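K.L.:
Predicted structure and sequence below. I'll ask about it afterward.
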Amino acid sequence: MRAPTPALPGIGDAGLTHESLELMLEAMRQALLGQRAPMAAPASAATLQTQVGACITAQGLGLQASLKLFTEVLSRQGVPTDHPGYLAYIGSAPTPEAALMDGLLSASGMIGSGWLGGAGLIWAENQALRWLADLAGLPAQAAGCFVSGGTAGNFSALVAARQRYRARGGGRDGVLLATEGAHSSIVVSAGLLDLEVVTVAADALGRMTAANLAQSLAALAAEGRSEHVVAVVAVAGSTNTGQIDELSGIGRIARQQQIWLHVDAAYGGAFLCAASVRDRFQGIELADSLIIDPHKGLFVPYDCCALLYAAPEEVPAAFTQDAVYLDRINASQACNPMHYAFHLSRRARGVPLWFSLAVHGTRAYQDTLEQVLALTERLRACIAEHPRLELIEASGLSVILFRRLGWQAPDYDDWAQRCLQEGIALVVPSEWQGQTVMRLCVMNPRLEEARWTRLLAML
Ligand SMILES: Cc1ncc(COP(=O)(O)O)c(C=O)c1O
């Protein structure tokens, strides 16, 4: 009996017409050539409902009409993170090759969970992971996988830390040590893992120092809780300030006391490529687990976080899912990314990074990240010289924090709104030491001086 003709087209069969393919490729071409959403506030959900209406119908709208909705309306609402004026949060500026490979990855039909399903792609991902591990100076056996983002990476790393803690007889009442500068996902992860967060005092720049960590550990020891420590979480590039904790001293203490050191370099890790700041990361090589988000500073599209373990052999015990249909994979000695994080099905999301690195070479990455830092320095100097602005010393890597003399919180919000209305930049205020300040984060080497001159003129 012949197989029925499916109602839906499949990849590789005649359902995809030449015309459909050309339409989609043309839309892709336009996006890659820079036809993007303008810098503007997005419409409300109600406006979009009126403008677009119900799209999911029994008959389908067809490719042309559906694509038009995407290209002309939906993809134009919101601010693209690779816009040169995207200075809020942490932007991203993918290479066209990484973006295209992201599409090709989907078309390839491969799953990145286990070697059997996606050996070649996992092999490529592992090359990219190796490059990152070498940048950080992790040991030769370091390995891991790519997960969706820093939040997922932090969570999985802490699951692995708790696994070691339990394997050594640790019970309930586990403790994590972190400063207030640690990313919000650390507190959420601790909550999910039922761990208490003990806050280590930060120095004047918001960093964890070895001395302050030692003091917190001594206080725990005095309470008879030394055995309860699951991990120390250090930050290499704090989201709010760009500061890097005192990694060498922290790592030394962690080694001495046999405490798991997790380093969150989700934002800062990209700058390991930049020789001009590499020494600030000294000690990162002592991490038991490390995360770096290529979707922040390594020029790939969302969503992509590299999660690395110094001793990967003990990690699968934390994540391996016990199910009869998975027995063969679980028993195999091959590299299976599903065993290194809280996930099972996964796309090989590290492949666009591997591809972009393979195409452009690591020198282009180093040079571009140095350019990002140089641009940041020039903008920082303009702010420092501005008569109405005060640069905050804690600004590190590509983050700039500053005050506008005489302004209160609503004034910063007004300025941010005007910047967006005038199509200059997306900026959002933040806080430093309890006061509202402005925070800019430069991630795009295409940020123009004319843009920031307009921005500063409005202050
Ligand atoms: C230091 C740090 N850790 C973790 C995260 C969370 O990353 P994601 O948004 O990819 O989940 C961020 C995000 O900005 C970050 O800056």
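P.N.:
Arrived safely, thanks for sending.
K.L.:
Show me how the record splits this structure into domains.
P.N.:
Using automatic domain parsing, the domain parsing of the chain gives 101-360, 362-457.
K.L.:
I'd like to know which of these is closest to the ligand.
P.N.:
domain 101-360 (2.5 Å; Cβ to the nearest ligand atom). (Glycine included, C-beta is placed from N, CA and C.)
K.L.:
pLDDT averaged over the closest one - what is it?
P.N.:
Averaging pLDDT along domain 101-360 gives 97.
K.L.:
how far does it stretch from start to finish?
P.N.:
Terminal residues of domain 101-360 are spaced 14 Å apart (Cα to Cα, to the nearest Å).
K.L.:
now do stretch 396-405
P.N.:
In terms of Cα to Cα, the two terminal residues of stretch 396-405 are separated by 21 Å.
K.L.:
is any part of it close to the ligand?
P.N.:
No - on the criterion Cβ under 6 Å from any ligand atom, stretch 396-405 is out of touch with the ligand, staying 9.8 Å away.
K.L.:
Contacts made by that stretch with the rest, please.
P.N.:
Stretch 396-405 has contacts (Cβ atoms under 8 Å, 6 or more residues apart in numbering) with 205, 237-238, 240-244, 267-268, 271, 277, 297, 372-373, 376, 379-380, 383, 388-392, 394-395, 411-412, 415, 430, 432, 435, 437-443, 459.
K.L.:
Of these, grab the buried ones for ChimeraX.
P.N.:
Burial among those is assessed by 16 or more other Cβ atoms under 10 Å; the matching ChimeraX selection reads:
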select :205,237,238,240,241,242,243,244,267,268,271,277,297,372,373,376,379,380,383,389,391,392,394,395,412,415,430,432,437,438,439,440,441,442,443,459
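K.L.:
filter the contacts of stretch 396-405 by proximity to the ligand?
P.N.:
The residues of the contacts of stretch 396-405 that also fall near the ligand, by Cβ under 6 Å from any ligand atom, are Tyr267.
K.L.:
Spell out which residues of the stretch 251-400 of the chain are next to the ligand.
P.N.:
Within the stretch 251-400 of the chain, the residues that sit near the ligand (Cβ under 6 Å from any ligand atom) are Asp264, Ala266, Tyr267, Asp293, Cys305.
K.L.:
Quick one: the strands in this protein, in order.
P.N.:
Here the chain has its strands, by DSSP state E, at 143-147, 175-178, 196-199, 229-235, 260-264, 289-292, 305-309, 389-391, 399-404, 428-432, 435-441.
K.L.:
out of the ones you listed, deepest packed?
P.N.:
strand 289-292 (a mean of 30; mean count of other Cβ atoms under 10 Å).
K.L.:
partners of that strand, with directions?
P.N.:
Using DSSP bridges, the strands paired with strand 289-292 are strand 260-264 (parallel), strand 305-309 (antiparallel).
K.L.:
relative to strand 229-235, how tilted is the first one?
P.N.:
Using axes from the mean of the first three to the mean of the last three Cα atoms, to 10 degrees, the direction of strand 260-264 lies 30 degrees away from that of strand 229-235.
K.L.:
List, one by one, the residues from the stretch 101-250 of the chain near the ligand.
P.N.:
Selection of the stretch 101-250 of the chain residues close to the ligand by Cβ under 6 Å from any ligand atom yields Gly149, Gly150, Thr151, Asn154, His183, Ser185, Val235, Thr239.
K.L.:
can you tell me how far the spatially most central residue of the chain sits from Ile122?
P.N.:
The chain has Asp293 as the residue nearest its centroid, 3.3 Å off, counting by Cα atoms, centre = their mean. According to Cβ to Cβ, to the nearest Å, Asp293 stands 20 Å off from Ile122.
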